[in-house]
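S.K.: 3D, please:
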Amino acid sequence: MLTQYGIYVDVERCVQCHACELACKAKNDIEPGVKWRMVFDFWDGQFPAPIHHSIPYACFHCAKPACVVACPTGAINKRSQYGVVDLDSDRCIGCRSCQLACPFGIPQFGSDGRMQKCNLCVDRLAENREPACVATCPAEALFFGTMEALNQHLPSRKGLSRMKHVWRNTIP
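M.R.: Here you go, the predicted structure:
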């Protein structure tokens, strides 16, 4: 049975520091211009009382990923371990079908002519460590765990403060 892992974002805690983006880039040696994790800023209202929200996001590792279906070479697949939507760059031909199929436009085109995307730091998960973006967030706005564990604690903010350590007990 597939155990789906994910990252919950508490947008009220995000301080737009972009530490998650930088941690991802450093850990995965991602070239300039390509982002596997992005922080988007949304502004609403008018002067003198504008409202600002920052929303960090990356691949959602969908239950039924459109990118997997769209890929003509099978370079993208859904891993049974952790539920990660993974991309095999050796099989990628750079056609961008996955990028077009993804409703969030997540896969990124690299200078090597191939697509790239978040893999949820599966190497860190195998070492019983959380993804680099989550481990680095100074505002503790990102929480990692199984979808079941994350859903159990939502929307209770009190429960979320404990989420940083819940996932460690759920990795097989």
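
S.K.: and the gap between residue 136 and residue 66?
M.R.: Residue 136 sits 29 Å away from residue 66, going by C-beta to C-beta, to the nearest Å. In short, each C-beta sits where N, CA and C put it, glycine included.

S.K.: likewise residue 130?
M.R.: Distance from residue 130 to residue 66, counting by C-beta to C-beta: 27 Å.

S.K.: So which of these two has more stuff around it?
M.R.: Set residue 130 next to residue 66 and count neighbours by other C-beta atoms under 10 Å: residue 130 wins out with 24 against 16.

S.K.: Give me the pLDDT for the residue positioned nearest the centre of the chain.
M.R.: Ranked by distance to the mean C-alpha position of the chain (C-alpha atoms, centre = their mean), the top residue is residue 58 at 3.5 Å. Per-residue confidence (pLDDT) for residue 58: 93.

S.K.: thought it was touching residue 116?
M.R.: No: contact criterion C-beta atoms under 8 Å: residue 58 and residue 116 do not qualify, at 11.4 Å.

S.K.: Spit out the residues that contact these two alike.
M.R.: By the contact definition C-beta atoms under 8 Å, 6 or more residues apart in numbering, residue 58 and residue 116 are jointly contacted by residue 36.
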